[in-house]
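Colleague: Would you be able to build a 3D model of this:
(2 chains)
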Amino acid sequence: MNFDIYILMKKIGLYIRLSEDVVNWLRRRLPAKKGSLSSYIEELIRREMSREEIDRVYEEIEKLVPRHVEALDIPKLRREAEKRLHREV
Amino acid sequence: MTEVIVETDFLTGLIHRSDRLHKTCLEILGRYRVYLSPYSLIEYRLVNVHKAEYETWIKVFRYIDLILRHYNIRILPSNPIIHTYSMEYRVKYNMSLFDSIYAGSSKYYDLPLLSSDKVYGKVGDIKWIPLEIT
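Modeller: Prediction:
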């Protein structure tokens, strides 16, 4: 991949989803000190790692609250929420 | 990138993957710089917390913190002037407390309010962006 393609990728905001194998391959091929291309790849790696963590968070929430109040039902429940607030006070 | 205030419906859609609005909320994060109203967390709590044990919700709120950090969503500070607007709207438009306070936050911060609640359409001096399933 040359530098022009890298710039193009940044400009169009291309998102590459990286599997663990690809991440390890890139790490072997692209030492971190080698300029902006490798730092871009490192950024993608970091993003992918934090995506895995956030996936776990979402799974935990689904386990803890299997049946939540739907977002689109919230406006209908506002008066009731207000009553609950008064009771709390 | 356009900045918007969001409230409890967006928060709910974002943190629950099974919610009908979840994908829409993720798309919105790509289109807008999102700020959460400071009153949404208490409304979320009032709407939901009676349904399960406190220990469960302590964990859920810790996860909410992680999700907000992950998506870099700032919670705007509260302010007395927001309450002055809120009281005006409450009387003028017969709004619920939370509706009026979100409208007041939108007015105070001069940011459009992104919400599924149609009540904001009648408030003349704020900009309302409907939050709908895409």
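Colleague: switch to C-alpha atoms for all contacts and neighbour counts from now on
Modeller: Will do.
Colleague: Which single residue of chain B ends up nearest chain A?
Modeller: Nearest to chain A in chain B, going by CA to the nearest CA, is B:Asp9, at a distance of 4.4 Å.
Colleague: Is it correct that that residue is in contact with A:Ala71?
Modeller: Yes: if you go by CA atoms under 8 Å, B:Asp9 and A:Ala71 touch, sitting 4.4 Å apart.
Colleague: Of these two, which one has the most company?
Modeller: Neighbours were counted for B:Asp9 and for A:Ala71 using other CA atoms under 10 Å in any protein chain shown; B:Asp9 has more, 25 against 22.
Colleague: Tell me who's in contact with that one.
Modeller: For B:Asp9, the contact set (CA atoms under 8 Å, 6 or more residues apart in numbering or on different chains) comprises A:Glu70, A:Ala71, A:Leu72, A:Ile74, A:Pro75, B:Ser115, B:Ser116.
Colleague: what do you get for B:Tyr63?
Modeller: A:Val57, A:Ile61.
Colleague: Tell me which helix or strand comes right after the helix or strand where it lies.
Modeller: In this structure, B:Tyr63 sits in helix B:54-70 according to DSSP states H and E. For helix B:54-70, the succeeding helix or strand toward the C-terminus, using DSSP H and E, is strand B:74-75.
Colleague: and the helix or strand just after that next one, does that touch chain A?
Modeller: Note on strand B:74-75: by DSSP H and E, the next helix or strand toward the C-terminus is helix B:80-93. No: using CA under 8 Å from any CA of the partner chain, we find that helix B:80-93 stays clear of chain A, coming within 12.3 Å at best.
Colleague: tell me which parts of chain B are close to chain A?
Modeller: B:8-13, B:15-21, B:43, B:46-48, B:56, B:60, B:63, B:66-67, B:70, B:96-99, B:116-117.
Colleague: Among those, the buried ones, what's the ChimeraX command?
Modeller: Those of the residues of chain B next to chain A that count as buried under 16 or more other CA atoms under 10 Å in any protein chain shown are selected in ChimeraX with:
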select /B:8,9,10,11,12,13,15,16,17,18,19,20,21,43,46,47,60,63,67,96,97,98,99,116,117
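Colleague: if I look at B:Arg33, how far off is B:Leu26?
Modeller: 12 Å (CA to CA, to the nearest Å).
Colleague: What is the burial count for B:Val119?
Modeller: B:Val119: 17 neighbours (other CA under 10 Å).
Colleague: can you pull the contacts of the closest residue to chain B within chain A?
Modeller: Proximity to chain B, evaluated over chain A using CA to the nearest CA, is greatest for A:Ala71 at 4.4 Å. Shown in contact with A:Ala71 (CA under 8 Å, 6+ apart): B:Thr8, B:Asp9, B:Phe10, B:Leu11, B:Thr12, B:Gly13, B:Asp19, B:Arg20, B:Leu21.
Colleague: which ones among these are found in helices?
Modeller: B:Thr8, B:Asp9, B:Phe10, B:Leu11, B:Thr12, B:Gly13 (DSSP state H).
Colleague: now those in TSV, with pLDDT and distance to B:Pro80?
Modeller: As requested, the ones in helices among the contacts of A:Ala71 are exported to TSV (pLDDT from 0 to 100; distance: CA to CA, whole Å):
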residue	pLDDT	distance to B:Pro80
B:Thr8	96	20
B:Asp9	96	24
B:Phe10	97	24
B:Leu11	97	23
B:Thr12	96	26
B:Gly13	97	28
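Colleague: which of the residues you listed lies closest to B:Asn79?
Modeller: B:Thr8 (18.3 Å; CA to CA).
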